[in-house]
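> based on what follows, work out the 3D shape:
(chains A, B, C and D)
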Protein chains: 4
Amino acid sequence: MDDDSRTARWGQDTEVPLFAAALLFLAAYATRVLATGLPDFWRDLCWFVMLALWLVFAADYAVRWRLSGQGPRFVVSHAMLTLVVVLPLLRPLRIVPLYEEVQRRRGQPRVSLYARVISYAGLSTLLLGFSGALTVYQAERGAPGTTMHTFGDAVWWAASTLSTVGYGDVVPVTFLGRALAIVMMACGLALLGAVTGSFSGWLMRIFTRESDEEPPGS
Amino acid sequence: MDDDSRTARWGQDTEVPLFAAALLFLAAYATRVLATGLPDFWRDLCWFVMLALWLVFAADYAVRWRLSGQGPRFVVSHAMLTLVVVLPLLRPLRIVPLYEEVQRRRGQPRVSLYARVISYAGLSTLLLGFSGALTVYQAERGAPGTTMHTFGDAVWWAASTLSTVGYGDVVPVTFLGRALAIVMMACGLALLGAVTGSFSGWLMRIFTRESDEEPPGS
Amino acid sequence: MDDDSRTARWGQDTEVPLFAAALLFLAAYATRVLATGLPDFWRDLCWFVMLALWLVFAADYAVRWRLSGQGPRFVVSHAMLTLVVVLPLLRPLRIVPLYEEVQRRRGQPRVSLYARVISYAGLSTLLLGFSGALTVYQAERGAPGTTMHTFGDAVWWAASTLSTVGYGDVVPVTFLGRALAIVMMACGLALLGAVTGSFSGWLMRIFTRESDEEPPGS
Amino acid sequence: MDDDSRTARWGQDTEVPLFAAALLFLAAYATRVLATGLPDFWRDLCWFVMLALWLVFAADYAVRWRLSGQGPRFVVSHAMLTLVVVLPLLRPLRIVPLYEEVQRRRGQPRVSLYARVISYAGLSTLLLGFSGALTVYQAERGAPGTTMHTFGDAVWWAASTLSTVGYGDVVPVTFLGRALAIVMMACGLALLGAVTGSFSGWLMRIFTRESDEEPPGS
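Just a heads-up that it's a prediction; the model follows:
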């Protein structure tokens, strides 16, 4: 009981600053990858910022583990927390707990189930696409025979991959680029299925409700 | 109560002329994009028609807002109305309220839920494909290295994109073309999921009913 | 009542021979398209066979309409019958009524809902792919710049299109070929959604049942 | 009753060794396909190992059939067993009975329905991709005009096919390679639909539960 309330309290106090730190982490990584013209000093700074932020994330994870009073089971029962500590680029996925924390403070009602699943999966897909474009671009840049010349090409590739359209005008050719692409496909397909499934369910509900209640001219 | 009935009345009176105006808007835009051989006078006329129609749409929006008696909440609670004012090319999406208005006058029963979702999402996909092909064609036409030489190519590209087939024989290469394509993919996937999900549900119901009621030779 | 029983009787008597006729129609069309080395006599014969079979289909449609005692409503209420009269290549879609007719005579129980939807949509997809490959091959054959040199290429194109993979190594380039391809995509996506949706539901049921009843080593 | 318990007993005793044999079969096939530099002796050995293991699988199938006391109906009622005897490369699909057998010995509770469907379909997709990449690589290797030069290319092709992305930078060109690819697409699409459908359902349940029970900071 006491542990639970202290865990909840810790979550309430840290959710907002940690989310800001996650965005800073992503920005530092993007700067390091994209701003190739920067002096070495700034590029090293980005690296140090990323390292420092990761230590903060690890410390937060340790405190939550401690407060939970669970043993090794914590790693599995809080799978998303574990994932975003190992891969900090995915940390903005915690935008949903953040949103709920902000809503709780304002005392407003939360949005409907479908809207929450769509916004969660949609934002996750967006983030996955941006992180994937960054990492694949870093792997592909300058490889012989690459078709991914600019970061714009990488974003275009990520969009055509996550939507499973797959034009094939821009494709990764290196081993690392392809391996990252396969991970991105696997995650992206599951998230996409959640978005389309929820949208279909939401549309069904709108049409059902409309036929029951609303005036025709609405 | 009075406001509601006046809103419904306004919707009943304006739905049909506004839909005609929306089709005219789309036709004017298509003419401006496709009829490149027209004298400047007619091309300017298309532009003025589009501007005038948009003012009509904006006026309709303002009247509905006023009649609703809601504050800024109206923008969110009538999200589709807001969307089709900002992007008039999508206005034919209001074909469903139009259909219901026409049905109401005739006093006929409305079709089943699945059929309405399929027809709504199917028509929206069709419209999205046509508008997308037009705007991407306008952006790509004459770009160096383009593979989209005619409007037929643009329609073929739109079909292969919205179905997520993505052959890659025709692809946008400019920044604007690719950005529009990504928006089209995002909308198209959600609509497509609604179509296939509803068709699957409809087929299930047909097979269930058939096994219960109908004679085998039907 | 009398009309209904006569309709059912007609269906029972004609389902099997009409299905044989439908397969013969498809075979004649395939022969005409693929056997380019045949003497003109045989090719003309294929054409006459197709015409004669179509007249049989039209006569069956007329008799059913008459027996139903319905007015113009028949065209809509028996939409599949109407479709397979207009496009006889799709007639084998009536494999499900055929199957039920055969089952009825044998008095065996019918298979489960999921299995029926999967088999129906799967067979329809197969047929759609074969007919689509034939017609698109006929439209593309010999077109300048075509990548569809043999019927094997056309089948490979149809498979990569219906699965929405869309490699793009073989694509239609003529107007007619692309138009047929878009129709095929639209039908294929709906059928595919039905197959994957039903398979997902069937797998869920298998896993649910397994966890309730069966011994672990089964 | 007695037959059932003996069947269950046989399943409990053989599930673990048979799964090891299935992995060995796959390893022997992979060795034969990929290790082209091996002396003939070792390649022949792989062949003999595969043959011997297949005889073991066939013997297991015969014993189960005998113990079941069923007639020819066994072939259909145990469709998965029949499939993995005919195509031993797919035998690791029996990872679910294996998992359940292991769980039964440990007396732990089984995971949730969604998680089981996702893991089953996900692992099946993974295996299908690996086996498909192996067989298609064997068919394509050295074919004139091939784009599949290394096994890495084959894996990349399999990933882009099973996810329905289909870039088209690597495609099979031989008849056998394309035929295997079509089988792989058909199986892959059904499995993929099951994965995305289950993930969507699981996400829905997580969001529903979260809104009912859990503290906001979790």
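
> up against chain D, what does chain A have?
Chain A comes close to chain D at residues A:4, A:7-12, A:15, A:97, A:100-101, A:104, A:110, A:113, A:116-117, A:120-121, A:160-161, A:164-168, A:171, A:175, A:178, A:181-182, A:185-186, A:189-190, A:192-194, A:197-198, as judged by C-beta under 8 Å from any C-beta of the partner chain. In this view, the C-beta of every residue, glycine as well, is placed from N, C-alpha and C.

> pLDDT weak spots in chain A?
A:1-4, A:93, A:95-111, A:206-218 (pLDDT under 70).

> same for the longest helix along it, what does it pack against?
Taking DSSP state H as the assignment, the helix of chain A that covers the most residues is helix A:175-212. Under the contact definition 3 or more C-beta pairs under 8 Å, 6 or more residues apart in numbering or on different chains; DSSP states H and E, helix A:175-212 sits against helix A:113-140, helix A:151-162, helix B:113-140, helix B:175-212, helix D:151-162, helix D:175-212.

> tell me how far the fourth one is from the chain's mean position?
If I follow you right, that is helix B:175-212. Relative to its parent chain, helix B:175-212 has a centroid offset of 15 Å by C-alpha atoms, centre = their mean, to the nearest Å.

> do the fifth one as well
Using C-alpha atoms, centre = their mean, the distance from the centre of helix D:151-162 to the centre of the chain it belongs to is 16 Å.

> need the CA coordinates for it. PDB is fine.
Output for helix D:151-162, consisting of C-alpha atoms alone and laid out as PDB, is shown next (Å, rounded to 0.1, in the frame of the first residue of the first chain):
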ATOM      1  CA  PHE D 151      21.800 -15.600 -48.600                       C
ATOM      2  CA  GLY D 152      21.600 -12.100 -46.900                       C
ATOM      3  CA  ASP D 153      19.800 -10.900 -50.000                       C
ATOM      4  CA  ALA D 154      17.400 -13.900 -49.700                       C
ATOM      5  CA  VAL D 155      16.600 -13.000 -46.100                       C
ATOM      6  CA  TRP D 156      16.100  -9.400 -47.000                       C
ATOM      7  CA  TRP D 157      13.700 -10.500 -49.800                       C
ATOM      8  CA  ALA D 158      11.800 -12.700 -47.400                       C
ATOM      9  CA  ALA D 159      11.400  -9.900 -44.800                       C
ATOM     10  CA  SER D 160      10.200  -7.400 -47.400                       C
ATOM     11  CA  THR D 161       7.800 -10.100 -48.800                       C
ATOM     12  CA  LEU D 162       6.200 -11.300 -45.600                       C
END
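
> contacts for it, please.
Judged by C-beta atoms under 8 Å, 6 or more residues apart in numbering or on different chains, the contacts made with helix D:151-162 from elsewhere in the structure are A:166, A:175, A:178, A:181-182, A:185, C:165, D:34, D:125, D:128-130, D:132-134, D:136-137, D:140, D:147-148, D:166-167, D:170-172, D:181, D:184-185, D:188, D:192.

> pull out the buried positions in that helix.
D:151, D:153-162 (16 or more other C-beta atoms under 10 Å in any protein chain shown).

> buried subset of the contacts of helix D:151-162 as a PyMOL selection?
Buried residues among the contacts of helix D:151-162 (16+ other C-beta under 10 Å), as a PyMOL selection:
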select buried, (chain A and resi 166+178+181+182+185) or (chain C and resi 165) or (chain D and resi 125+128+129+130+132+133+134+136+137+140+148+166+167+170+171+172+181+184+185+188+192)
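
> mind checking how far A:Ala190 is from D:Leu123?
14 Å (C-beta to C-beta, to the nearest Å).

> in contact with whichever residue of chain A sits closest to chain C, which residues?
Among the residues of chain A, A:Gly168 lies closest to chain C, at 5.8 Å counting by C-beta to the nearest C-beta. Listed by C-beta under 8 Å, 6+ apart, the contact partners of A:Gly168 are B:166, B:168, C:167-168, D:166-169.

> if you set the cut-off to 6 Å instead, what comes out?
Taking C-beta atoms under 6 Å, 6 or more residues apart in numbering or on different chains as the definition of contact, the neighbours of A:Gly168 are B:168, C:168, D:167-169.

> so A:Leu193 sits against D:Ala194, correct?
Quick fix: residue A:193 reads Gly, not Leu. No: between A:Gly193 and D:Ala194 there is no contact, the gap being 10.1 Å when judged by C-beta atoms under 6 Å.

> write out the residues of chain A neighbouring chain C.
Counting by C-beta under 6 Å from any C-beta of the partner chain, the residues of chain A close to chain C are A:Gly168.

> can I see the domain layout of chain A?
For chain A, the structural domains run A:1-91, A:111-218, going by automatic domain parsing.

> deepest-packed of these, please.
Across those, averaging neighbours per residue (mean count of other C-beta atoms under 10 Å in any protein chain shown) puts domain A:111-218 on top, at a mean of 20.

> closest residue of chain A to chain D?
Evaluated by C-beta to the nearest C-beta, chain A has A:Gly11 as its residue closest to chain D, separated by 2.2 Å.

> which SS class is the residue of chain A closest to chain C?
coil (DSSP: H, G, I helix; E, B strand; the rest coil).

> how near is it to C:Tyr167?
Distance from A:Gly168 to C:Tyr167, counting by C-beta to C-beta: 7 Å.
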